[in-house]
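>>> Quick one: sequence plus predicted model below, questions after.
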Amino acid sequence: MSAQRQERSHGSRMITMKEVAQRAGVSITTVSHVLNKTRFVSDELARRVNQAIEELDYRPHQLAQSLRRGRTQTIAVLVSDIVNPFFPQVVRGAEDSAKEHGYSLILCNTDENPQTESFYVSLMIDRRVDGFIIAPSMVPEASLKSLVDKEIPLVVIDRQMETLSIDQVYSDNINGAYEATKYLLGLGHKRIGLIMELEGIRSFDDRKTGWERALKEYGLSTLSGLVQQAGLEIEGAAEAARYLIEGPPQATAIFATNNLMTLGVLRYMKNHSASCPRDLSVVGFDDPEWAACFNPSITSVAQQSYEMGYKACDLLVARIQGKTSESRAVQLNCELKIRESCAALEPEGEMERPEAID
């Protein structure tokens, strides 16, 4: 390795395009044309420039190049709760798609806070990202509308938006919840509690709608006491489970509407020496790897989390590159994964464990 390359490799200073031109014996313009392939350069001159680049270990300033092209090759991803195991898989899918298209991601966590969401939207606009993938907070219209008004490419994930004409990718939450609830009803359960983070969030509201639909088909009323809001923490879900199990309505089954809610139910049962399905049947929403590893394994509604992120990034890049004009909505199917955490309810109240299917 040459002395210059050793110096560059140790990070003592940045090699400039001017130094490359001097080493190659050409103009700075010629170096630029070789790097950017903007004009024909003879094979001999190109060889000299590339040799100088190799010897000096020159690396172009990618941000400056991107800004000259009007793009930074970066995408901002805003998620509502990075602690929720659902979102890392979504982000992984988006990242894999971004890499294929030559983009990188900047990840922001909003904690379901509209003010935090607006702050990050403004910050990322200042950073000149090329587009946004956003799992919106409870009150997202203001920050999302600002992006639409500025014509900044945007894809909304996880939560369906009907008030704005934008690209979006979301799960069929209503049908997923409907199938989960119908499965419990088929096992003889009539007092099926529902634990959700917060009302007013579209994905949870849709899961509640699916739960209600199934109960009504069986001629059952959706008593207000059967619905518990737990907030964003596992502890809140554990408290919600306590209310559903110990006091009226004394639920025999619980449908937990995301990973954290399921963990809260399981924490309550562990702390009270209860088990499923002996004392309670449990169905979760989302299907993390740990759901199949528990003993008993947890019946869950599986979303296509990786595919959601991957498809969202594909849509966004197409929007950034001007390959589409109409807004697109992609609904991903859910699948009920039947395992060991539910049992048939006998007339005396005892539960008979069904065969697990995975």
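Perfect, I can see it now. Keep in mind that this is a model prediction, so the values were computed, not measured.

>>> Low-confidence stretches in the stretch 51-200 of the chain?
For the stretch 51-200 of the chain, the stretches with pLDDT under 70 are 61-70, 140.

>>> Tell me where it has helices.
62-69, 86-101, 114-126, 141-149, 173-186 (DSSP state H, counting those that start in this stretch).

>>> Over to the stretch 201-350 of the chain?
Under DSSP H, counting those that start in this stretch, the stretch 201-350 of the chain gives helices at 202-217, 234-246, 259-271, 289-293, 305-320.

>>> Relative to Ala52, which of those is closest?
For those, the distance to Ala52 is smallest for helix 305-320, at 33.8 Å, taking CB to CB. To be clear about C-beta, it is placed using only N, CA and C from the backbone, and glycine gets the same treatment.

>>> which secondary structure elements does the closest one contact?
Secondary-structure packing of helix 305-320 (3 or more CB pairs under 8 Å, 6 or more residues apart in numbering; DSSP states H and E): helix 86-101, strand 131-134, strand 154-157, strand 167-171, strand 329-332.

>>> hang on, the earlier thing: identify whichever of the helices of the stretch 201-350 of the chain lies nearest to Ser327.
Short answer: helix 305-320, nearest of the helices of the stretch 201-350 of the chain by CB to CB, at 9.2 Å.

>>> returning to that earlier point: TSV for the helices of the stretch 201-350 of the chain, including mean neighbour count?
Shown next, in TSV, are the helices of the stretch 201-350 of the chain (neighbours: other CB atoms under 10 Å):
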stretch	mean neighbour count
helix 202-217	20
helix 234-246	21
helix 259-271	22
helix 289-293	13
helix 305-320	22
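
>>> In JSON lines, list these along with distance to Asp172 and mean pLDDT.
As requested, the helices of the stretch 201-350 of the chain are exported to JSON lines (distance: least, CB to CB, whole Å; pLDDT from 0 to 100):
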{"stretch": "helix 202-217", "distance to Asp172": "9", "mean pLDDT": "95"}
{"stretch": "helix 234-246", "distance to Asp172": "23", "mean pLDDT": "95"}
{"stretch": "helix 259-271", "distance to Asp172": "18", "mean pLDDT": "95"}
{"stretch": "helix 289-293", "distance to Asp172": "19", "mean pLDDT": "91"}
{"stretch": "helix 305-320", "distance to Asp172": "12", "mean pLDDT": "96"}
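
>>> Isn't Met138 up against Glu199?
No: Met138 lies out of contact with Glu199 (CB atoms under 8 Å); the separation is 9.2 Å.

>>> Please say which of those two ends up with more neighbours.
A count of neighbours by other CB atoms under 10 Å puts Met138 above the other of Met138 and Glu199, at 17 against 11.

>>> From Gln228, how far off is Ala142?
29 Å (CB to CB, to the nearest Å).

>>> ditto for Arg71
Relative to Gln228, and taking CB to CB, Arg71 is found at 47 Å.

>>> With Ser325 instead?
44 Å.

>>> More neighbours: the two, which one.
Gln228 (22 against 6).

>>> give me every residue that touches the more buried one.
193-196, 240, 243-244 (CB atoms under 8 Å, 6 or more residues apart in numbering).

>>> could you redo the last one with a cut-off of 6 Å?
By CB atoms under 6 Å, 6 or more residues apart in numbering, the residues touching Gln228 are 195, 240, 243.

>>> what about Arg39, which SS state?
Under the three-state scheme (DSSP: H, G, I helix; E, B strand; the rest coil), Arg39 adopts coil.

>>> What about the residue lying closest to it once chain neighbours are set aside, how many residues nearby?
Excluding the flanking residues, the one nearest Arg39 by CB to CB, 6 or more residues apart in numbering is His33, at 4.3 Å. By other CB under 10 Å, the residues close to His33 number 18.
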